[in-house]
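# sequence first, predicted model second:
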Amino acid sequence: EGRAREGFLRRLALAVGSQGALLRPFAPWLARQFAGAPEPPPLDPDGQRDRLLLALCQVPLALATPETPLCLVLDDLQWTDTATLLILEQLAATVDRHPLLVLGCSRPPAGDGEGPQLLDRLPGQALTRIDLGGLSFSTVRAFLQERLGDIPGIAELAQTLLRLSDGNPAGLRTLLQEAEFLGALRFNGQSWRVDAPRLAELLPAQNVVSRIRGQVTGLGPEAVEILQAAAVWGSGFDVGVLSTLLPHVPRFRIVGTLVEAERAGLLRPLGRDDPGRRDFSHDSLRESLLFEMAPDARRALHRKAAEIVEDLDLSAQERLQRRADHLVHADARAEDIPVLEHAAKAALDGSAAQGALNLGNAALARLAGRPANDETLMRVRLLVASALAMARMPEEAARLHHEVLGGNPPPMVLARAYLDLGQSQFTMGRLEACFESYRRAAKTLGYRPPRLASGRALLQAWRSLREIWWESRRPRTYDGGRPVDPVPS
C-alpha cells in the first residue's frame, strides 16, 4: 500500500508539473505534497479556470493505472454545476486513453439543478446512459427473503410493498417498518409471520416524502426540532453542533434522538473517518423537515449556523463557502454583503455558475435601495452578470451590464462592464454591438481600438483586452520615484 501511494504521488507530481500549488486548497494531503510548489504566474480569469481544471483532472488520471484501474463514482449529478461539468468534459476527452471508469448517478430532471441539461453537453462517444426504473417484483421478493426468510405470505407482502412504494428503495424500507408497526409483520421469537388482513391497512403512498414526514412526526415535537436543526446545518452534523444550535435542549436528549433516528433508518453515520458525525439517509427527509419549519425559525438557525462555522477547523475557502451558504438562507442584513460578494467571486473563479448566481443574488437583495452608482452594487451586478454569461444566459447578463453602465462607474469597472457585455453580445451573434463594446473598453483602458473584420478577430480582441484589463489591476512598480506601467503600450 505504501509503495502504491508513493507511485501515485510520483505520477501526480509529474503530471501537474509546476502547477502543484493549484491543488493545495482541495485536501490536506495535497497541501502537504505540494507545500513547496511555487505559485503559478497570474493569468486572466479564463486562463486561470482552464489551468485549474486541467490540474484537478490529473488527480484521478494519476490514480488510474493498468495495475490499479479506477472507478470514480459521482452521486447526485442532478445538482451538477458548471465547474463539475467542465471537469467531466476534460475527463471524457481522455477516458478512452486511461483505465478509468466514471460512474455518475442522477435523478430524473425534475429539480432546480443544472445537471440534466448540462450533462447533455458531454460527448456522446464517451457517454453511456443507463436509465434505471423502480425495483422489480423479483428484487423486492429476494430482499424480503434475505431479511425475513422464505416465510408464508412473502409473495403477497412483496407485491403490496412494491405497489405502494413504486419500487423506490427508500419507500420500501419505510413501508416495511410501517408494516411491523401496524402488526402486519410480526416476529414470534423464532420467525416472522405475515398478517394478511392487517397488511391491507397499509395506505397507498403517493410519494415517499409523505410517509417519511409521518415517521419523523411520530418521534415527538422535541425530536422534530432537533432533526430540523440538523437539516438546517446540512451534512456532517454531530451532538456538539446541535447543542450549540439548540442551547435550550439538554445534550442527553439530543444524543437520544440521534440514536433513535439512526435506529429508525432516518440517519446514517458518515463513516469511520468522521466518528460521531451523521447525515440523513435520504434527501427527501431533509427537504421535508426544512419545508415544515416556520420561515423565521429556519432563518434564525441559518444565522446561528453561519456563526458556528467561524469556529470550525476548516480551510479559509471552505469556511467562507459554508458561512455564505447559510447566510443566503438567513434573515437579510447589510453586514452579510462582503461575505456573500467574496464567496460569489470565489465560486465564479471556480466556474460554479449556479453557486455564484445564488450568492450574488442574495447580495443584490441586501443591496436593494442603494443608488445605481454605488460601487458595491456595481461590483456585485458584474459578478452576477458574469455568472449568467457562464451559465449561457447572455440576454440576462447583457441587461445587468447595461444597468452597471447606467450608474456612471469608475474607469476600471466601466472597462470590465464593456468587456463582459461584449462577450454576451458575441454569444448572441450581435457582432456589431460586440465590436462597439470592445471599442469602448479599449478607449477606457487608453488603447487604440483594433480593426475587427470577423468573429474570430472579435474573440481574439476580447481575450487581448481582458488581459490588458487584468494586468491594469495589478499594483504598479516604481523606478526612481516614477510609476512604471506594467502594461506595454
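Structure's in. What do you need?
# CA atoms for contacts and neighbours, from now on please.
Will do.
# all strands for the protein, in order.
70-74, 100-104, 185-187, 192-194, 267-269, 278-280, 477-479, 482-484 (DSSP state E).
# right, so of those strands, which gets closest to G47?
Closest of the strands of the chain to G47 is strand 477-479, at 23.9 Å (criterion: CA to CA).
# can you pull out the helices in the stretch 351-489 of the chain?
353-366, 375-390, 394-405, 411-427, 431-445, 455-472 (DSSP state H, counting those that start in this stretch).
# would you mind finding the most buried of the strands of the chain?
strand 278-280 (a mean of 21; mean count of other CA atoms under 10 Å).
# how about D75, nearest residue that isn't a chain neighbour?
C105 (4.8 Å; CA to CA, 6 or more residues apart in numbering).
# mind listing what that neighbour touches?
With contacts defined as CA atoms under 8 Å, 6 or more residues apart in numbering, C105 is in contact with V73, L74, D75, D76, L77.
# in contact with the third one, which residues?
D75 makes contacts with G104, C105, S106, as judged by CA under 8 Å, 6+ apart.
# now A64: how far from G240?
Distance, A64 to G240, using CA to CA, to the nearest Å: 39 Å.
# comparing these two, which residue is more hemmed in?
A64 (19 against 14; other CA atoms under 10 Å).
# give me phi/psi at that one?
phi -80, psi 120 (degrees, to the nearest 10).
# so what's it scoring on pLDDT?
Confidence at A64, expressed as pLDDT, is 86.
# kindly report the same for A334.
90.
# what's the answer for P108, then?
64.
# go on, V194?
Per the predicted model, pLDDT is 90 at V194.
# do R456 as well
According to the model, R456 carries a pLDDT of 54.
# and if you look at the one 3 residues further on?
On pLDDT, L459 comes in at 55.
# pLDDT weak spots in the stretch 251-400 of the chain?
271-275, 282-284, 351, 391-392 (pLDDT under 70).
# change it to 90
259-295, 310-321, 332, 344-358, 360-361, 364-365, 367-400 (pLDDT under 90).
# equivalent analysis for the stretch 101-250 of the chain, please.
101-135, 147, 149-153, 160-191, 195-221, 234-236.
# one more time with 50, if that's ok
Scanning the stretch 101-250 of the chain for pLDDT under 50 picks out 110-116, 206-207.
# now do the helices in it.
115-118, 137-148, 154-165, 169-182, 196-199, 208-217, 221-233, 239-245.
# may I see the buried residues of the third one?
So the one you mean is helix 154-165. Across helix 154-165, burial judged by 16 or more other CA atoms under 10 Å covers I154, A155, L157, A158, T160, L161, L162, L164, S165.
# and the fifth one, how far from L88?
The span separating T160 from L88 equals 41 Å under the rule CA to CA.
# returning to what we had before: identify, from the buried residues of helix 154-165, the entry nearest to A363.
S165 (41.7 Å).
# if we can go back for a sec, dump the strands of the chain into a markdown table; add distance to R303 as well.
Output for the strands of the chain, formatted as a markdown table (distance: least, CA to CA, whole Å):
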| stretch | distance to R303 |
| --- | --- |
| strand 70-74 | 31 |
| strand 100-104 | 34 |
| strand 185-187 | 45 |
| strand 192-194 | 48 |
| strand 267-269 | 24 |
| strand 278-280 | 21 |
| strand 477-479 | 43 |
| strand 482-484 | 46 |
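# figure out which of those strands is closest to E318.
So among the strands of the chain, strand 278-280 is nearest, using CA to CA, at 18.6 Å.
# counting contacts, what elements does the closest one pack onto?
strand 267-269 (3 or more CA pairs under 8 Å, 6 or more residues apart in numbering; DSSP states H and E).
# which neighbouring elements make contact with the strand it packs on?
helix 251-263, strand 278-280.
# contacts for that strand, please.
Contacts for strand 267-269 (CA under 8 Å, 6+ apart): L258, A261, E262, P275, G276, R277, R278, D279, F280, S281.
# pull out the buried residues from the residues you listed.
L258, A261, E262, R277, R278, D279, F280.
# would you agree the last one is in contact with G236?
No: at 9.2 Å, F280 and G236 do not qualify as touching, with contact defined as CA atoms under 8 Å.
# burial measure for the nearest residue to P69 once chain neighbours are set aside, as a count.
Computed as CA to CA, 6+ apart, the closest residue to P69 that is not its neighbour in sequence is P99, at 5.1 Å. P99 has 16 neighbours, counted by other CA under 10 Å.
# residue contacts, P99?
So P99 contacts A64, T65, P66, P69, L70 (CA under 8 Å, 6+ apart).
# of these, closest to R439?
Distances from R439 to these, taken by CA to CA, are shortest for A64, at 48.2 Å.
# wait, what's in contact with the residue nearest to that closest one when sequence neighbours are not counted?
Take A64 and drop its neighbours on the chain: the residue closest to it by CA to CA, 6+ apart is L70, 4.9 Å away. By CA under 8 Å, 6+ apart, the residues touching L70 are P60, L63, A64, P99, L100, L101.
# for the nearest residue to L56 once chain neighbours are set aside, give me the pLDDT.
Among residues not flanking L56 along the chain, L23 sits closest, at 7.0 Å (CA to CA, 6+ apart). At L23, the pLDDT value in this model is 86.
# what residues sit buried inside stretch 279-296?
D279, F280, S284, L285, R286, S288, L289, L290, M293.
# who's in contact with the spatially closest residue to the fifth one that is not a sequence neighbour?
In space, and not counting its chain neighbours, R286 is closest to A231: 5.2 Å by CA to CA, 6+ apart. Contacts for A231 were tallied using CA under 8 Å, 6+ apart; they are R286, E287, L289, L290.
# please report how far the first one lies from D279.
Translated: R286. R286 is 9 Å from D279, by CA to CA.
# on that earlier part again, can you lay out the helices of the stretch 101-250 of the chain as TSV showing distance to L43?
Below are the helices of the stretch 101-250 of the chain laid out as TSV (distance: least, CA to CA, whole Å):
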stretch	distance to L43
helix 115-118	27
helix 137-148	54
helix 154-165	53
helix 169-182	48
helix 196-199	66
helix 208-217	48
helix 221-233	36
helix 239-245	40
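# quick one, what contacts A21?
Contacts of A21 by CA under 8 Å, 6+ apart are A31, F34, A35, A37, P38, E39, P40.
# meant to ask about A334, not that
R366, L367.
# mind doing that once more with 10 Å?
A363, A365, R366, L367, A368 (CA atoms under 10 Å, 6 or more residues apart in numbering).
# could you double-check that L246 sits in contact with I308?
No: at 11.9 Å, L246 does not count as touching I308 under the criterion of CA atoms under 10 Å.
# just to revisit the earlier point, go through the buried residues of stretch 279-296 and flag which are in helices.
Of these, the ones assigned to helices by DSSP state H are S284, L285, R286, S288, L289, L290.
# how about CSV for those, with distance to G350 added?
CSV is the format used below for these (distance: CA to CA, whole Å):
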residue, distance to G350
S284, 28
L285, 30
R286, 27
S288, 31
L289, 31
L290, 28
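# from those residues, which is closest to A398?
Of these, the one sitting nearest to A398 (CA to CA) turns out to be L290, at 35.3 Å.
# neighbours around L61, how many?
So L61, with other CA under 10 Å, has 22 neighbours.
# got the contact list for the closest residue to E403 other than its chain neighbours?
The spatially closest residue to E403, leaving aside those adjacent along the chain, is A372, at 7.7 Å (CA to CA, 6+ apart). Going by CA under 10 Å, 6+ apart, A372 touches M378, E403, V404, L405, G406, G407, N408, P409.
# quick one: A324 and L340 touch, right?
Yes: taking CA under 10 Å as the definition, A324 is a contact partner of L340 at 5.5 Å.
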